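Q: generate coordinates for the sequence data below:
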Amino acid sequence: MTQRPLLALTMGDPAGIGPEVILKTLMHEEVYQRCRPLVIGDRRILARAEHWCNARDLNYELVASPADGSFRAGIISLYHLDNADPAACPVGRISAAAGNAAVEYVFAACDMAMAGSVDGIVTAPLNKAAMNAAGHHYAGHTELLAERTGAERVSMLLVGARLRVVHVSTHVALHEAIARVTIERVGATIDLAYRSCRALGIEHPRIAVAGLNPHAGEGGLFGREEQDAILPAIEAARTRGYDVSDPQPPDTVFLRATHGSYDIVVAMYHDQGHIPMKLLAFDSGVNVSVGLPIVRTSVDHGTAFDIAGTGRASETSMLAAIDVAIQMVQAAPPRI
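A: Residues are numbered from 1 along each chain as shown. Modelled structure (predicted):
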């Protein structure tokens with residue numbers, strides 16, 4: 001791709017740190033050298049956030065379509081939805097108005113990506129309680145985007161400088177997560193791990209698979225999920241030509257990956273994958289929805305209502321999310 005990728009940046013929950021993170025990100029001139037960022041949000045909320053992050057000399061251009069932006073440093077190209085009255089979206093508080101606005105930003109960006117008007121989307125955080133209060137009953141971005149795009153199998157990929165993790169299950173109770181460790185789901189997640197690495201430009205992915213039980217079951221002594229569900233899925237993946245490890249002890253597999261033995265780890269449930277990632281890349285991790293027909297990356301943090309409006313939010317994860325989105329767009333085959 002010779003032209004800079006056009007990325008839609010959703011503003012996130014208006015009451016959280018998303019608007020501040022967006023502004024701080026777009027004060028980095030090098031962002032414009034690598035991509036064409038289009039903010040999907042509300043001008044009034046961004047104006048409120050300017051005071052928190054010492055934004056100076058920023059100009060806005062309101063665009064009717066993605067192609068209309070100039071995408072130059074110092075100018076924020078904004079697709080203004082005019083849907084977040086600041087009075088109805090108090091800073092640092094859950095509100096249905098803010099939750100609804102945040103979802104509408106994601107809908108708009110997703111539709112643009114599906115239509116090919118943008119090359120990918122990068123999302124600031126939304127608040128699940130606010131979103132549900134507004135009547136949008138999703139567990140998060142991943143589930144919302146899966147429904148919007150009609151994707152059948154979507155999973156969460158976490159990307160850090162030293163570790164990549166994809167999950168068999170995410171936002172479910174622990175007993176449900178254990179029940180979801182099936183041959184079918186583990187096999188599908190191994191497929192997603194392979195496709196994720198290829199989407200990031202890794203030609204021959206080396207995939208590690210974490211066990212569910214301590215010591216990966218110790219031959220059945222501590223549980224049989226490894227033998228009954230995980231290993232059969234691994235063996236099936238090997239017949240498809242994948243380089244996949246046996247089930248690895250969960251307490252050591254991530255260390256091996258960070259030392260370069262593997263390109264990605266398949267985790268069995270949410271916390272198994274998130275804990276090592278948060279430990280290694282709390283401020284710089286990136287969340288990627290894999291299995292969608294569009295490129296979507298996100299910051300790997302929440303709305304942080306406790307610091308919203310204080311100017312303390314960091315843009316590090318948003319910058320990393322943009323970098324990963326660019327990498328994925330450039331590695332993707334051209335649309336026909």
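Q: list the buried residues in stretch 105-120.
A: Neighbour-count burial for stretch 105-120 flags 105, 106, 107, 108, 109, 110, 112, 113, 118, 119, 120 (criterion: 16 or more other C-beta atoms under 10 Å). (Glycine included, C-beta is placed from N, CA and C.)
Q: how much space between the last one and residue 268?
A: Applying C-beta to C-beta, to the nearest Å, one obtains 28 Å for the distance of residue 120 from residue 268.
Q: which strand residues bridge the residue nearest the centre of the chain?
A: Geometric centre of the chain, nearest residue: residue 287, 2.8 Å, by C-alpha atoms, centre = their mean. For residue 287, the beta-bridge partners under DSSP bridges are residue 158, residue 298.
Q: tell me the confidence at residue 168?
A: Listed pLDDT for residue 168 reads 93.
Q: neighbours of it, how many?
A: Residue 168 has 29 neighbours, counted by other C-beta atoms under 10 Å.
Q: likewise the one 3 residues further on?
A: With neighbours defined by other C-beta under 10 Å, the count for residue 171 comes to 15.
Q: wait, what's in contact with it?
A: 139, 140, 143, 270 (C-beta atoms under 8 Å, 6 or more residues apart in numbering).
Q: quick one, phi psi at the residue lying closest to the first one once chain neighbours are set aside?
A: Taking C-beta to C-beta, 6 or more residues apart in numbering, and ignoring the residues beside it in sequence, residue 139 has residue 171 as its nearest neighbour in space, at 4.1 Å. Residue 171 has phi and psi values of phi -90, psi 70 when expressed as degrees, to the nearest 10.
Q: next one: residue 171 from residue 143, what distance?
A: Relative to residue 143, and taking C-beta to C-beta, residue 171 is found at 8 Å.
Q: which ones are touching residue 45?
A: For residue 45, the contact set (C-beta under 8 Å, 6+ apart) comprises 11, 14, 19, 84, 86, 89.
Q: following the chain past the helix or strand of the chain at the bottom of the mean pLDDT ranking, name the next helix or strand.
A: For the chain, counting by mean pLDDT, DSSP states H and E, strand 155-159 ranks last in confidence among helices and strands (a mean of 86). Counting by DSSP states H and E, the next helix or strand C-terminal to strand 155-159 is strand 164-167.
Q: tell me what that following strand is packed against?
A: Using 3 or more C-beta pairs under 8 Å, 6 or more residues apart in numbering; DSSP states H and E as the contact test, the elements touching strand 164-167 are strand 155-159, helix 183-199, strand 264-267, helix 270-281.
Q: residue boundaries of the helices in the chain?
A: In the chain, the helices defined using DSSP state H lie at 18-26, 29-34, 43-50, 96-115, 128-133, 141-149, 174-179, 183-199, 225, 231-239, 253-258, 270-281, 316-331.
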